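Asker: take a look and give me a structure for this.
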Amino acid sequence: MTNPWRGDVALVIDGERHDLRLSLGALAELEASLEAGSLVELVQRFEQGKCGSRDVLAVLRAGLSGAKIDPVPDLEHGQIEGGPIRAAQVAAELLVRAFSLPEAG
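Answerer: Presented below is the predicted three-dimensional model:
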C-alpha cells in the first residue's frame, strides 16, 4: 500500500503496481551514479524542467532499490503506465517526498 508519509510513490510497470521509495541508501547510490555530482543539482534540473531520461531512470532505479523490489522490473524496455511523462512525474515526486513531509488532508 502506498504510504506518502514513508515517501512512497506508485508506478505501474508491465501491468504490475510498485510502491517506490528513496531510502537513505538509495539516495546515496543515486548520488554516486549522477553525472551532476550532487542531489541538489539533480533536484534543480527537475525543478527547471531540464532533467533528461537518464535522470528519470536513475531516480526510478533508486526508488525500486529503496523499496527493495525484487526482481527489479526492466525500466528501459518495460511498459510504464502513463509513458515517459508519468515516469518523470514519479521521479520528481520521489525527490519531493524524500525531502519533505506530505501535505495533510
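Asker: in the protein, where is pLDDT below threshold?
Answerer: Within the chain, the stretches with pLDDT under 70 are 35-36, 104-105.
Asker: could you redo the last one with a cut-off of 50?
Answerer: Applying pLDDT under 50 to the chain flags no residue at all.
Asker: now the strands for it?
Answerer: Using DSSP state E, the strands of the chain run over residues 9-13, 16-20.
Asker: how far does the lengthiest helix in the chain sit from the chain's center?
Answerer: The longest helix of the chain (DSSP state H) is helix 83-98. Computed by Cα atoms, centre = their mean, to the nearest Å, the separation of helix 83-98 from the middle of its chain amounts to 5 Å.
Asker: ok, now which ones touch D55?
Answerer: By Cβ atoms under 8 Å, 6 or more residues apart in numbering, D55 lies in contact with 42, 45-46, 91. Heads up, the C-betas are built off the backbone N, CA and C, glycines and all.
Asker: list the contacts for A26?
Answerer: Counted by Cβ under 8 Å, 6+ apart, A26 has contacts 62-63, 65-66.
Asker: between those, which is nearest V96?
Answerer: Nearest to V96 out of those is G63 (Cβ to Cβ; 12.2 Å).
Asker: ok, that closest one touching S23?
Answerer: No - using Cβ atoms under 8 Å, G63 is not in contact with S23, being 9.2 Å away.
Asker: that older thread, and the furthest pair within the contacts of A26?
Answerer: By the measure Cβ to Cβ, G63 and S65 form the most distant pair in these, at 7.2 Å.
Asker: more crowded one of the two?
Answerer: G63 (29 against 20; other Cβ atoms under 10 Å).
Asker: for that one, which non-adjacent residue is spatially closest?
Answerer: Once flanking residues are discounted, G63 sits nearest to L20: 3.1 Å by Cβ to Cβ, 6 or more residues apart in numbering.
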